[in-house]
Every structure is written in C-alpha cells, then in structure tokens.
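Student: My questions concern the predicted model and sequence given below.
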Amino acid sequence: QLALSGGGSVQAGGSLRLSCVITGLTYRPYCMGWFRQAPGNWREGVATVDSNGITTLDPSKKGRFTMSQDTAKNTLYLQMNSLKPEDTAMYYCVAEVGTSCPLIREYYNNWGQGTQVTVSA
C-alpha cells in the first residue's frame, strides 16, 4: 500500500514536501519513486530510488526537487523547492519489485492515490 500526503497550493517560488508511506514491499530488489501528471499531459517520472539507495532524478528537476527516504518509517519524501506554475500536477508515488528503476510509468504496477500540487503565478 502507498499512502500519500503533503499536496496543496502554493505560489510560485514556494516549497512543498510530499510524503508516501509504503507498506508491504517485502521483496528485494525494489524500486520506489514519484511520478506526476498535469492535465492533458502524459504521466512523467520525477525521481526513483532502488533498494541500494541509488536515485534517478529527471534532469529538468535537478536543483529544485530532492527525494529522500526514512527506512525506519517506510516513508519516501519529495521535497520541491522554487516551484513553478508548470509543476502543477497530480503527483503519485510508485513501488515495484525490480532493479533498474526507470522513469517509465509502464514499469510500475503499484501506485498511490495521487495528491494534487497547484502552483499559482
């Protein structure tokens, strides 16, 4: 199960932190990560991490978005700074058994319910 929290509305330049509690991921290796989907757009990958802690971040998010995890709390975080109106989207966390952890939506079968992030100009 994947339970998200932390979405909301902010002005451009603001920050938000999303949290995703992931339970039931008992097999290794595994992948966890974040995707987002803006209205009219494809669902795109934001960041992923594998069970060795290797992260993959979409290059367009570097310098603004940071993913981290608290393994003791089974929680994945996405810290988003310097938010822009084009970051407005529904954000999802994902989990999957696997090794490569690509930023490809078809790779993931386990999705959280999504949380809305709205950034106003």
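Tutor: Received, thanks. Everything numeric here is computed off the predicted structure, so don't read it as measured data.
Student: For the protein, just list every one of the strands.
Tutor: Counting by DSSP state E, the chain has strands at residues 2-5, 8-11, 16-22, 30-37, 44-50, 55-57, 65-70, 75-80, 89-97, 110-111, 115-120.
Student: Looking at these, which is nearest to I104?
Tutor: The minimum distance between I104 and the strands of the chain falls on strand 44-50, with 6.6 Å, by CB to CB. From N, CA and C alone the C-beta is placed, and that goes for glycine too.
Student: Against which helices or strands is the closest one packed?
Tutor: Identification of packing neighbours for strand 44-50 by 3 or more CB pairs under 8 Å, 6 or more residues apart in numbering; DSSP states H and E yields strand 30-37, strand 55-57, strand 65-70, strand 75-80.
Student: At the geometric centre of this structure, which residue do we find?
Tutor: The chain has W34 as the residue nearest its centroid, 2.0 Å off, counting by CA atoms, centre = their mean.
Student: wait, doesn't that residue sit right on A95?
Tutor: No: contact status for W34 versus A95: not in contact, 10.8 Å apart, counting by CB atoms under 8 Å.
Student: Ramachandran coordinates for N52?
Tutor: Its backbone dihedrals place N52 at phi -100, psi 0, with angles given as degrees, to the nearest 10.
Student: How much space separates it from R64?
Tutor: Relative to R64, N52 is positioned 25 Å away (CB to CB, to the nearest Å).
Student: Next up, phi/psi of G14, please.
Tutor: Reported as degrees, to the nearest 10, the phi and psi values for G14 are phi -80, psi -180.
Student: unless I'm mixing things up, it is touching K84, no?
Tutor: No: with contact defined as CB under 8 Å, G14 does not reach K84; the gap is 10.0 Å.
Student: where do the contact lists of these two overlap?
Tutor: V119 (CB atoms under 8 Å, 6 or more residues apart in numbering).
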